[in-house]
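Novice: what's the 3D shape of this:
(2 chains, ligands or ions: 1)
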Amino acid sequence: MSIQNLNTFDPFADAVGSANEDVQDGLVHIRIQQRNGRKTLTTVQGLSSNYDLKKIVRTCKKEFACNGTVIEHPEYGEVLQLQGDQRENICQFLTKTGLVKQDQLKVHGF
Amino acid sequence: MTEEDAIFDPSLVKKKKKKKTTFDIDAVLAEGDSQETSSPVTVQETDPDNNAADGIDLDNDLDLENFGKKKRKKKKTGFNLDDLDAALPTATDEVVQGESEFVLDDESGAIDDTFDLGMKKKKKKKTEITELLKDNKENEELENVEDNAITWAGSDRDYTYDELLHRVFDIISEKNPDMAAGRKPKFVMRPPQVLRVGTKKTSFANFTEICKTLHRQPKHLLDFLLAELGTSGSVDGNSQLIIKGRFQPKQIENVLRRYIKEYVTCHTCRSPETILQKDTRIFFLQCESCGSRCSVASIKSGFQAVTSKRAAMRAKTA
Ligand SMILES: [Zn+2]
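Specialist: Residues are numbered from 1 along each chain as shown, chains lettered A, B, ... in the order given. Down below sits the predicted model:
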């Protein structure tokens, strides 16, 4: 567990930004998309911009043994993108580290 | 012998000619010799046998070449048919089962239970209800006996738990005859029929039908499905929904259940008799049963990652 690098943030701060932020509904949306074949992609949209997403993605990559990246989107802000179906993993990770509360998570997909 | 030879020569020659293809000439000659020693009648008798043997051999040859192929072909087609036969009944069975069990009743407990496509809980509930009813009947009889014997009145003994329970159920069934009969209004829905189209697309065959049973605009359900599945798709001429990507019936079912939970059943009383209204860009769910009205989440597909080939994208935009 190399979550120590996340401790630089205030763990009590809300994961999702307040109304003035670029996040619309205060929820963290976790989605899955199919790629070609059996491959899938997991996206995490709506994480607070107070967090260093690059650090989060670095930890996730190690933790879930998958590749990932942070994408800057004009409308949705910084979006986490991970290879494969990491919905379970990312949900557990985000709640366990206290980055996001359980009721702020919204998991989409099948 | 000479006469016989004269008689049998042509046949023998014929035989030889025939047999050359399959038999050794020597063997035939040997046979001929043996036949020559015997009477013509027996020879004539053996002849058809030989011919028959030849025929069998020829048949065998055929077997190896043509018939074998036929067999193989038959096997192939046979397997396919079998597969189809095996697949079709089960599929229909499943559908039938699903129909019978894709049931929503008004006042089941958990929200997830209300649209139980998973089926098992419903069965349990049904059996529970029937058991309870049975119990009730038995209890009624028991209580009648008890009442007649006046065990309750007059004595100051404590009621047992069972007695109280039966009493409660009795009163409930007395006051609510509809409920006691176990006939709650039920919402029966066919399960989604999901088929693969080619390798990259999925067909949701009874999409329009399901929209009708849910009393929802196809576009609304379409938007939701595509947003949730993170893909694209459209309704084709046969009113079936073609979705890009491979999806299992179970997966579509899951999404459908979520849709029903959010946009069909009343959030207060879980009745499916609701109307979806649009009021200044926000959808409201108006319940026909309890009159509650609440806003529902708007459908947003949100962030969509680039999954198509980037080179192709670039070619399109450039
Ligand atoms: Zn209601």
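
Novice: name the SS class of the residue of chain A most remote from its centre, please.
Specialist: Distance from the C-alpha centroid of chain A, by C-alpha atoms, centre = their mean, peaks at A:Gly37 (24.3 Å). In three-state terms, and counting by DSSP: H, G, I helix; E, B strand; the rest coil, A:Gly37 is coil.

Novice: any idea how far it lies from A:Gln83?
Specialist: 13 Å (C-beta to C-beta, to the nearest Å). The C-beta positions use only the backbone N, C-alpha and C, and glycine is treated the same way.

Novice: same check on A:Ile32?
Specialist: 11 Å.

Novice: residue of chain A nearest chain B, please.
Specialist: Sorted by distance to chain B under C-beta to the nearest C-beta, the residues of chain A start with A:Phe110, at 3.2 Å.

Novice: hmm, that residue is touching B:Asn254, no?
Specialist: Yes. Here A:Phe110 lies in contact with B:Asn254, judged by C-beta atoms under 8 Å, at a distance of 5.5 Å.

Novice: return the set of buried residues in stretch B:201-220.
Specialist: Residues of stretch B:201-220 classed as buried by neighbour count (16 or more other C-beta atoms under 10 Å in any protein chain shown): B:201-208, B:210-211, B:214, B:216, B:218, B:220.

Novice: and A:Lys61, helix, strand or coil?
Specialist: Under three-state DSSP, A:Lys61 comes out as helix.

Novice: phi, psi for the spatially closest residue to it that is not a sequence neighbour please.
Specialist: Spatial nearest neighbour of A:Lys61, chain neighbours left out: A:Gly68 (4.9 Å); criterion: C-beta to C-beta, 6 or more residues apart in numbering or on different chains. Dihedral pair for A:Gly68: phi -160, psi 170, per degrees, to the nearest 10.

Novice: likewise for the one 3 residues further on?
Specialist: The phi/psi pair for A:Ile71 (degrees, to the nearest 10) reads phi -110, psi 130.

Novice: that one and the ion, how far apart?
Specialist: Separation of A:Ile71 from the ion (C-beta to the ion, to the nearest Å): 41 Å.

Novice: so that residue touches A:Leu82, yeah?
Specialist: No. At 11.1 Å, A:Ile71 and A:Leu82 do not qualify as touching, with contact defined as C-beta under 8 Å.

Novice: neighbour-wise, which of the two wins?
Specialist: A side-by-side neighbour count of A:Ile71 and A:Leu82, using other C-beta atoms under 10 Å in any protein chain shown, places A:Leu82 first with 23 against 16.

Novice: SS state for the more buried one?
Specialist: Classified using three-state DSSP, A:Leu82 is strand.

Novice: which ones are touching it?
Specialist: Contacts of A:Leu82 were listed using C-beta atoms under 8 Å, 6 or more residues apart in numbering or on different chains, and they are A:41-44, A:57, A:60-61, A:64, A:66-68, A:90.

Novice: in terms of neighbours, single out the busier of A:Phe110 and B:Asn254.
Specialist: Remark: of A:Phe110 and B:Asn254, A:Phe110 carries more neighbours, 19 against 16, as counted by other C-beta under 10 Å.

Novice: would the more buried one count as being in a strand?
Specialist: No. The assignment for A:Phe110 (three-state DSSP) gives coil, which keeps it out of a strand.

Novice: name the SS class of the nearest residue to it once chain neighbours are set aside, please.
Specialist: Spatially, and ignoring its direct neighbours in sequence, A:Phe110 is nearest to B:Gln251 (3.2 Å; C-beta to C-beta, 6+ apart). Counting by three-state DSSP, the backbone at B:Gln251 sits in helix.

Novice: and B:Gln251, what's its pLDDT?
Specialist: On the pLDDT scale, B:Gln251 is placed at 91.

Novice: and if you look at B:Cys266?
Specialist: For B:Cys266, the pLDDT comes out at 91.

Novice: can you check B:Gly154 too?
Specialist: B:Gly154 is given a pLDDT of 66.

Novice: would you confirm that B:Ser239 contacts B:Thr208?
Specialist: Yes. The criterion here is C-beta under 8 Å, and B:Ser239 meets it with B:Thr208 at 4.1 Å.

Novice: CA atoms of stretch A:97-110 as CSV?
Specialist: Taking Å, rounded to 0.1, in the frame of the first residue of the first chain, the C-alpha atoms of stretch A:97-110 are listed here in CSV:
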residue,chain,number,x,y,z
THR,A,97,-8.9,5.7,1.3
GLY,A,98,-11.7,8.1,2.3
LEU,A,99,-11.4,10.0,-0.9
VAL,A,100,-15.0,9.6,-1.7
LYS,A,101,-17.9,8.5,0.5
GLN,A,102,-20.0,5.5,-0.5
ASP,A,103,-23.1,7.5,-1.3
GLN,A,104,-21.2,9.8,-3.6
LEU,A,105,-20.2,7.0,-5.8
LYS,A,106,-22.4,6.2,-8.8
VAL,A,107,-21.5,3.1,-10.7
HIS,A,108,-22.8,2.8,-14.3
GLY,A,109,-22.7,0.1,-16.8
PHE,A,110,-24.0,-3.5,-17.0
